[in-house]
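Participant: no sequence on hand, only this structure:
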């Protein structure tokens, strides 16, 4: 199937505290990235944090900017531009336009008609 859920994001004000909590509670492996965030492995992964176990999803923590920030998940798509057009036609809204995330590709955020915010991820074409 296309458009799989491939990652999650959790806001955190204190990455060290988040690392200690999630490693203790769920036995995840959390790699801190300074003030930028942290990567969370819930399953075995390659050097780029891509799961190597079928059905596995890894994710990360981002810097909390507001008490309204919330955990979310990301859906991989072949084209964020086409997917955002489809979302708007179906009654959703673009929250964060398509933007580069360096060597990993591109991301964007949208809200469904109920207001749920979900991330989109498009791999960098090599």
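Facilitator: Structure's in. What do you need? It should be emphasised that the depicted structure is a prediction, and the values quoted were computed from it without experimental measurement.
Participant: in contact with residue 84, which residues?
Facilitator: Residue 84 makes contacts with 94, 97, 98, 108, 110, 120, as judged by C-beta atoms under 8 Å, 6 or more residues apart in numbering. Placement of C-beta: from N, CA and C, glycine included.
Participant: before we move on, which element is it in?
Facilitator: In the assignment (DSSP states H and E), residue 84 maps to helix 80-89.
Participant: shouldn't residue 6 be in contact with residue 77?
Facilitator: No: using C-beta atoms under 8 Å, residue 6 is not in contact with residue 77; the gap is 9.7 Å.
Participant: overlap of the contact sets of the two?
Facilitator: Common neighbours of residue 6 and residue 77 (C-beta under 8 Å, 6+ apart) are residue 121.
Participant: thinking again about what came up before, make CSV from the contacts of residue 84 and add neighbour count to it.
Facilitator: CSV is the format used below for the contacts of residue 84 (neighbours: other C-beta atoms under 10 Å):
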residue, neighbour count
94, 16
97, 13
98, 17
108, 22
110, 22
120, 22
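Participant: picking up where we left off before, give me the mean pLDDT for the helix holding residue 84.
Facilitator: Taken as a whole, helix 80-89 has a mean pLDDT of 96.
Participant: cool, stretch 95-115 as well?
Facilitator: Stretch 95-115 comes out at a mean pLDDT of 94.
Participant: ok, residues contacting it?
Facilitator: Taking C-beta under 8 Å, 6+ apart as the rule, stretch 95-115 contacts 48, 72, 74, 80-81, 84, 87, 90-94, 117-124.
Participant: buried subset of those?
Facilitator: 72, 74, 80, 84, 87, 92, 94, 118, 119, 120, 121, 122 (16 or more other C-beta atoms under 10 Å).
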